[in-house]
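K.L.:
here is a sequence together with a model predicted from it:
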Amino acid sequence: MTATHDPSSPAPAPARAHAIPSYLDPNNIGPYEIFLEQVERVTPYLGKLAFWVETLKRPKRILVVDIPVHLDDGSVAHFEGYRVQHNTSRGPAKGGVRFHQDVTLSEVMALSAWMTIKNAAVNLPYGGGKGGIRLDPRQYSTGELERITRRYTSEIGLIIGPDKDIPAPDVNTGPQTMAWMMDTYSMNVGRTATGVVTGKPVSLGGSLGRSDATGRGVFVTGAQAMQKLGLPMQGARIAVQGFGNVGEAAARIFHEHGARIVAIQDVTGTIHSEAGIDPAAALAHLRATGRIVGLPGSEEIAAADFWGVDCDVLIPAALEKQITLQNADRIRARLIVEGANGPTIPAADDLLADKGITVVPDVLANAGGVTVSYFEWVQDFSSFFWTEDEINQRLDRIMRDAFQSLWDVKERHGVTLRTAVYIVACTRVLEARALRGLYP
Ligand SMILES: NC(=O)c1ccc[n+]([C@@H]2O[C@H](COP(=O)([O-])OP(=O)(O)OC[C@H]3O[C@@H](n4cnc5c(N)ncnc54)[C@H](O)[C@@H]3O)[C@@H](O)[C@H]2O)c1
C-alpha cells in the first residue's frame, strides 16, 4: 500500500545528509541550519579528517536554564537562558552572551559554532561557546537587568569558569553586564576570578582596546581586502548596518582613515548622505535624540533601500540573516565585510560570489573582539597589563597575518574566502579531535 501524506499534519522534513538533533525542529531549524550548510560545503576539502566531521555538527554541551527574578513591581518573571559549548577540542569554550527577545536555542548553537570556527581561524587556543537570554532589555530597569544577569550567571556557573568557558559581551550586553557576571561568579566560588569573563571594565581587569577591538578588526581585514581589490581607502564609500559596539567603531575607524560613510542603518532607522556622515556626529545625535534619523546633513531612506545604496564597501554589523535572496541582488558594493555574526545566508553568499562581490566572512572579519578578549584573559592570569599601543599592534598583526594566510588558501583552492576560512579552521579543530581521540 502506498503511504499518503495527511494534509493536516506538518509537511515531511526534506531529506538531509546530516542528522538533525531531536531538540531542533527539522522543518524550521533556524540559524543553526546555516552552520550545518557551511560544514557540508567544507567537508570535501577536509581529506581524511572528514572522518570526524560529525563532531562539528552537534554542540558538545547545551545548558538551558530558567531565570526567575523579582521585577520592580514586586511580581516574579521567568526568563529563558542558554549557554552552549559547541566545541572544546582546542581549549576552553569562549564566546559572548546576547540579550534579545528573539534569542533561540538554534541561534545560540549557531553563534557558539561560529566561535569555534573563528577561534580556530585566527589560531586562538579556544573552543567555541555562546550564551543568551530571551528578553528585550529595553523593557527592564537597570536593577532588573542586574538581577537577571546575576541569576543567569549563577545558573550557568555549573559550566563556566576561567579554564572552562569564558563569556564576553554580545548584542545588548557590555562592560557593566560583564562586571555583574564576574562579581556573581566570584561570590559563588569565594575568590575574585577576573578571568571568568572578558570585555570587563578596565578598572576590573578589563583590557585597554577591547571596546573598539571588533570594529578595529573589521577595519584591518576590510582595508586588506580593499588593497587586494585595488580599492583606494581615500574617499571609499562605506554603508554600515548596525551602529552599536561593532558598527560604530568600524564606521569611526574607516572615517578616520579617509573613507566616507554614506549610509547607516540601525534599529531606529536608516540615513543616507552622498557627501558623507561623520560617525561622531551621528553618535552624538543618537545619544541626544534616541534615533539615528534626523542627523543634520543626512536624509532618511526606507529600510529596504539601505541594501541598494551605491557604495564600495558594505558592513553588516547588526544581526544574522540580513543578506538574503530578497536583497542580495540589489547590493552594489564590491566588498562586504561581515561585522555581525551570520549576516549572510548561504544561498545569498552564492549569489554574491556570482556577482563578483568579495565577502570577508564574519569568522575572520569580526575576530578582533575575541582576539583582544584573549589578551584580556592572558593579562588577568598574569596580573600584568599591557599598554593600548601594545594591544593594538598585536591585534593588527594577528588580524593581518590571519587575513594574508587565509587569502592564500582561497587563491590556492579557487574558493571563496569563507570556504578558505572554514577549510583552515575545521582542519585545526578536527586535527585536535583526531589527536585527542575519543574518551573512553
Ligand atoms: N561586541 C563584540 O565584540 C562582537 C564581536 C564579534 C561579533 N559581534 C557581532 O556583531 C553584531 C553586533 O554586535 P554589537 O556588539 O555591536 O551589538 P550592539 O547591541 O552594540 O549593537 C547592535 C546594533 O544593531 C542594530 N540593530 C539591531 N537590530 C537591527 C535591525 N533589525 N536592523 C538594523 N539594525 C539593527 C542596533 O540598533 C545596534 O545599533 C552581532 O552579530 C554580534 O554577534 C560582536
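P.N.:
Noted; the coordinates are in hand.

K.L.:
spatially central residue in this protein, please.
P.N.:
Nearest to the geometric centre of the chain sits N341, at 3.4 Å (CA atoms, centre = their mean).

K.L.:
residues in contact with that one?
P.N.:
By CB atoms under 8 Å, 6 or more residues apart in numbering, the contact set of N341 is A110, L111, W114, E320, D362, N366. Heads up, the C-betas are built off the backbone N, CA and C, glycines and all.

K.L.:
my guess is I315 meets V240, correct?
P.N.:
Yes - if you go by CB atoms under 8 Å, I315 and V240 touch, sitting 4.7 Å apart.

K.L.:
anything in contact with each of these two?
P.N.:
Joint contacts of I315 and V240 (CB under 8 Å, 6+ apart) are G247, A250, A251, G339.

K.L.:
buried ones among these?
P.N.:
Neighbour counting over the shared contacts of I315 and V240 (16 or more other CB atoms under 10 Å) leaves G247, A250, A251, G339 as the buried ones.

K.L.:
which residue is the nearest non-sequential neighbour of the third one?
P.N.:
It stands for A251. Leaving aside its chain neighbours, A251 sits nearest to P279 (4.2 Å; criterion: CB to CB, 6 or more residues apart in numbering).

K.L.:
contacting residues around that neighbour?
P.N.:
Residues near P279 by CB under 8 Å, 6+ apart: E248, A251, R252, H255, I261, I264.

K.L.:
dihedrals phi and psi, the fifth one?
P.N.:
Translated: I261. Per-residue torsions, I261: phi -90, psi 110 (degrees, to the nearest 10).

K.L.:
contacting residues for the residue lying closest to it once chain neighbours are set aside?
P.N.:
Excluding the flanking residues, the one nearest I261 by CB to CB, 6+ apart is I277, at 4.5 Å. Residues near I277 by CB under 8 Å, 6+ apart: A251, I261, V262, A263, I264, I271, L295, G297, S298.

K.L.:
where does the closest residue to the ligand within the stretch 101-250 of the chain fall, phi/psi-wise?
P.N.:
For the stretch 101-250 of the chain and the ligand, the shortest gap (CB to the nearest ligand atom) falls at G244, measuring 1.9 Å. With angles defined as degrees, to the nearest 10, G244 sits at phi -100, psi -140.

K.L.:
I figured it hits T173, correct?
P.N.:
No - when contacts are counted by CB under 8 Å, G244 is not listed as touching T173 (10.6 Å).

K.L.:
these two: which is more packed in?
P.N.:
Per other CB atoms under 10 Å, whichever of G244 and T173 has more neighbours is T173, with 26 against 17.

K.L.:
just to be sure, the more buried one is in a helix?
P.N.:
No - under DSSP: H, G, I helix; E, B strand; the rest coil, T173 falls outside any helix and is assigned coil.

K.L.:
low pLDDT regions in this protein?
P.N.:
Scanning the chain for pLDDT under 70 picks out 1-18.

K.L.:
please identify the buried residues of the longest helix seen in it?
P.N.:
As assigned by DSSP state H, the longest helix anywhere in the chain is helix 388-413. Residues of helix 388-413 classed as buried by neighbour count (16+ other CB under 10 Å): 391-392, 394-396, 398-399, 402-403, 406-407, 409-410.

K.L.:
what helices or strands is it leaning on?
P.N.:
helix 210-229, helix 362-365, helix 368-382, helix 417-436 (3 or more CB pairs under 8 Å, 6 or more residues apart in numbering; DSSP states H and E).

K.L.:
okay, angle between that helix and helix 210-229 too, please.
P.N.:
40 degrees (axes from the mean of the first three to the mean of the last three CA atoms, to 10 degrees).

K.L.:
give the contact list for V69.
P.N.:
By CB under 8 Å, 6+ apart, the neighbours of V69 are V76, A77, H78, F79, E144, R147, I148, R151.

K.L.:
for those residues, which PyMOL command selects only the ones that are buried?
P.N.:
Buried subset of the contacts of V69, written as a PyMOL selection, criterion 16+ other CB under 10 Å:
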select buried, resi 79+144+147+148+151
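
K.L.:
do you have the helices of the protein handy? List them.
P.N.:
Taking DSSP H, the helices of the chain run over residues 32-42, 54-57, 105-121, 142-156, 175-189, 210-229, 245-256, 279-289, 346-354, 362-365, 368-382, 388-413, 417-436.

K.L.:
which one of those lies closest to R134?
P.N.:
Distance to R134, taken as CB to CB, is lowest for helix 105-121 among these, at 9.6 Å.

K.L.:
relative orientation of the closest one and helix 32-42 in degrees?
P.N.:
If you take the same axes, to 10 degrees, helix 105-121 sits at 40 degrees to helix 32-42.

K.L.:
list the buried residues of helix 105-121.
P.N.:
Quick answer for helix 105-121 (16+ other CB under 10 Å): 105-121.

K.L.:
quick check, F254 in contact with F219.
P.N.:
Yes - F254 is in contact with F219 according to CB under 8 Å; the separation is 5.8 Å.

K.L.:
end-to-end on stretch 164-174?
P.N.:
Stretch 164-174 has an end-to-end distance of 21 Å (CA to CA, to the nearest Å).

K.L.:
enumerate the positions of it that are buried.
P.N.:
D165, I166, P167, A168, P169, D170, V171, N172, T173.

K.L.:
check stretch 326-344 too.
P.N.:
By 16+ other CB under 10 Å, the buried positions in stretch 326-344 come out as 328, 331, 333-344.

K.L.:
could you do stretch 293-305 as well?
P.N.:
Buried residues in stretch 293-305 (16+ other CB under 10 Å): V293, L295, S298, I301.

K.L.:
is the last one in contact with E274, as I believe?
P.N.:
No - because the distance of 11.5 Å does not satisfy CB under 8 Å, I301 is recorded as not touching E274.

K.L.:
which two among the buried residues of stretch 293-305 are spaced furthest apart?
P.N.:
L295 and I301 (12.5 Å).

K.L.:
identify the contacts common to these two.
P.N.:
With CB under 8 Å, 6+ apart as the test, L295 and I301 both reach I271.

K.L.:
how far out from the middle of the chain is the top strand by length along the chain?
P.N.:
When the chain is parsed with DSSP state E, its longest strand is strand 76-87. How far strand 76-87 lies from its chain's middle: 17 Å, per CA atoms, centre = their mean, to the nearest Å.
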